[in-house]
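> Pasting the sequence and the predicted coordinates here, then a few questions.
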Amino acid sequence: MSVMFLRDQVKLLEQNGYEVKIVCNNDFDKTYKDMELDHIPFEREINITKDVSALYKLFKYLRRESPDIIHFSTAKAGLLGMIAGFLSRVPTRIYSIWGLRLETTSGIKYRVLHTAERIACALSTHVVVISDSLEEEVVNNRIVKRDKVVRIGKGSNDGIDLEKFNPENIPSTQVETLKKELGIKPDDFVMGYIGRITKDKGSNELVEAFEALSADHPNLKLVIVGDFEESDAIKQENIDKIHENKNILLCGYTLDIHKYYRLMNLFVFPTYREGFGNVSIEAQAMGVPVVTFDVTGARDTLARGQTGIIIKNKSAAGLAEAIRHLIEHPEVLEKMAGASRKFITENFDKVYIQGELLKFYDSLGTPPDVEPEVKHT
């Protein structure tokens, strides 16, 4: 999935004289279109035998290709990539931290993940973080020293395409057809969620808050766009509610998500850990206010009180209270909706973020086919 976030960055670098090669695990269920990939069998979870095998293959790959720069993201690939890059003497080794899994773990697993992050950062030459609060988290947890940390622009992993995520560019006929298919009526208030259905994403609290609000607001609908994950499964009773409650509309995973935001009055993002939170800025770009928990990354995606609400109390009750306030004060919701797209345009425009990314790459050395005097510093 990481590759999908990187497509535009790869094109940007290639257009500016860089030769780029992409390495990831082999997943034939995904379509990468015009991107060519080299496959190394990374595993998301800890598996000593497979991890050592992947490390060896990655080391051989880097020795053969002899890159000037490597840039790895996600915890496992980052650890193996930084070790292999260090051993194969790649001069510039960038590790991107998109989030910290250790934030929602404890005990031995926490110590293992913390150690792995520290090793990856120690073997890197640069550590890219995608939000202000993530930078504070990695520095305060002694994972990396601040002088090695880089943040591109205001954050995010690639900014947002303001043409794609523009409510004016979604034909009203598409929206009306989708509403009809889902059974959404003109006077319904629609809460929306897009993402994996897991404990860490706050899916239990999402369902429980919706249940609590439904008694007083029978016209309330919950649209969920995403799939269940067994590795971090939510309560069985909440799985049953999602399947059985006629006002909870489960739409499943799709790449064509921008039109779903047009159904929503409010986007609900009750995540327990996040590096940033692209869905939050996508929603706001579509003019949809956001309610989220006060957690790393997520709090950086909105203007507190202006484009949404940040909830200190990470619970179903706290979530329900914030949503209830916006349902019962439509003038507040409308004001937030009006400010949302402007906030995203000013801070997370993909064109700006990619320009800053290119400056970062160019600062690492003389760019290919570019004279030294025009190099960004």
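Thanks, I have the structure now.

> What separation is there between Asn245 and Ser203?
Between Asn245 and Ser203 the computed distance is 14 Å (CB to CB, to the nearest Å). C-beta here means a position set from N, CA and C on the backbone, and glycine is covered the same way.

> Between the two, tell me which one has more neighbours.
Neighbour totals were compared for Asn245 and Ser203, and Ser203 leads with 27 against 16 (other CB atoms under 10 Å).

> Just confirm that one contacts Ile197, I think it does.
Yes. Here Ser203 lies in contact with Ile197, judged by CB atoms under 8 Å, at a distance of 4.7 Å.

> Which residues are in contact with each of those two?
Any residue near both Ser203 and Ile197 by CB atoms under 8 Å, 6 or more residues apart in numbering counts here, and that gives Ile234.

> C-terminal to the helix or strand encompassing Gly338, which secondary structure element comes first?
Assigned by DSSP states H and E, Gly338 belongs to helix 330-347. Heading C-terminal from helix 330-347, the first helix or strand you meet, by DSSP H and E, is helix 350-363.

> buried residues in stretch 282-296?
The neighbour-count check on stretch 282-296 (16 or more other CB atoms under 10 Å) flags 282-293, 295-296 as buried.

> let me redo that: stretch 207-217
So stretch 207-217, judged by 16+ other CB under 10 Å, has buried residues Val207, Glu208, Ala209, Phe210, Glu211, Ala212, Leu213, Ser214, His217.

> about what we covered before: of the buried residues of stretch 282-296, closest to Ala317?
Of all these, Ala317 sits closest to Phe293, with 12.4 Å by CB to CB.

> Just list the residues touching the closest residue to Asp300 other than its chain neighbours, thanks.
Leaving aside its chain neighbours, Asp300 sits nearest to Ser131 (4.1 Å; criterion: CB to CB, 6 or more residues apart in numbering). By CB under 8 Å, 6+ apart, the residues touching Ser131 are Arg151, Gly155, Ser156, Gly275, Phe276, Thr296, Gly297, Asp300, Thr301.

> any idea of the mean pLDDT in stretch 309-329?
Across stretch 309-329, pLDDT averages out at 96.

> just to revisit the earlier point, make CSV from the buried residues of stretch 282-296 and add distance to Tyr352 and pLDDT to it.
Converted to CSV, the buried residues of stretch 282-296 look like this (distance: CB to CB, whole Å; pLDDT from 0 to 100):
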residue, distance to Tyr352, pLDDT
Glu282, 16, 97
Ala283, 19, 98
Gln284, 16, 98
Ala285, 14, 97
Met286, 19, 97
Gly287, 20, 97
Val288, 22, 98
Pro289, 23, 98
Val290, 21, 98
Val291, 26, 98
Thr292, 23, 98
Phe293, 27, 97
Val295, 25, 94
Thr296, 23, 93
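
> quick one: which of the residues you listed is nearest Asp38?
Closest approach to Asp38 among the buried residues of stretch 282-296 (CB to CB): Glu282, at 30.1 Å.

> Let's verify the closest one: helix, strand, or coil?
The three-state label given to Glu282 by DSSP: H, G, I helix; E, B strand; the rest coil is helix.

> Not counting residues beside it along the chain, what's closest to it?
In space, Glu282 comes closest to Phe165 once its chain neighbours are excluded; the distance is 5.2 Å by CB to CB, 6+ apart.

> Next step: the buried residues of stretch 282-296 restricted to helices.
Glu282, Ala283, Gln284, Ala285 (DSSP state H).

> so how far is the worst-scoring helix or strand of the chain on mean pLDDT from its chain's centroid?
Every helix and strand in the chain was compared by mean pLDDT, DSSP states H and E; the lowest is helix 2-15, with a mean of 84. Computed by CA atoms, centre = their mean, to the nearest Å, the separation of helix 2-15 from the middle of its chain amounts to 16 Å.

> Quick check: neighbours of the helix or strand following it in the sheet, parallel or antiparallel?
Counting by DSSP H and E, the next helix or strand C-terminal to helix 2-15 is strand 22-24. Strand pairing for strand 22-24, determined by DSSP bridges: strand 37-39 (parallel).

> mind listing what's buried in the partner strand?
Quick answer for strand 37-39: no buried residues (16+ other CB under 10 Å).

> Off-centre distance for that strand?
Taking CA atoms, centre = their mean, one finds the center of strand 37-39 at 23 Å from the center of the full chain.

> And the contacts of that strand?
Contacts to strand 37-39, defined as CB under 8 Å, 6+ apart, come from residues Val3, Lys21, Ile22, Val23, Cys24, Asn25, Asn26, Tyr61.

> Look up how far Ile309 lies from Asn219.
Distance check for Asn219 against Ile309: by CB to CB, it reads 21 Å.

> For these two, indicate the residue with more neighbours.
Neighbours were counted for Asn219 and for Ile309 using other CB under 10 Å; Ile309 has more, 23 against 14.

> Where does the prediction get shaky in the protein?
Low-confidence segments of the chain (pLDDT under 70): 1-2, 27-33, 366-377.

> And the strands in the chain?
All strands of the chain, identified by DSSP state E, fall at 22-24, 37-39, 69-73, 92-97, 126-129, 149-151, 189-194, 220-225, 248-250, 266-269, 290-293, 308-311.

> Out of those, flag the one nearest Leu364.
strand 92-97 (5.3 Å).

> Can you tell me the closest non-neighbouring residue to Gly195?
The spatial neighbour of Gly195 that comes closest, neighbours along the chain excluded (CB to CB, 6+ apart), is Gly226 at 5.0 Å.

> quick one, what contacts that neighbour?
With CB under 8 Å, 6+ apart, Gly226 has these contacts: Tyr193, Ile194, Gly195, Arg196, Ile197, Cys251, Gly252, Tyr253.

> Would you reformat these as CSV and include neighbour count and distance to Asp8?
As requested, these are exported to CSV (neighbours: other CB atoms under 10 Å; distance: CB to CB, whole Å):
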residue, neighbour count, distance to Asp8
Tyr193, 24, 25
Ile194, 23, 20
Gly195, 21, 21
Arg196, 15, 22
Ile197, 24, 27
Cys251, 18, 25
Gly252, 9, 25
Tyr253, 12, 21
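
> Kind regards, and thank you for your time.
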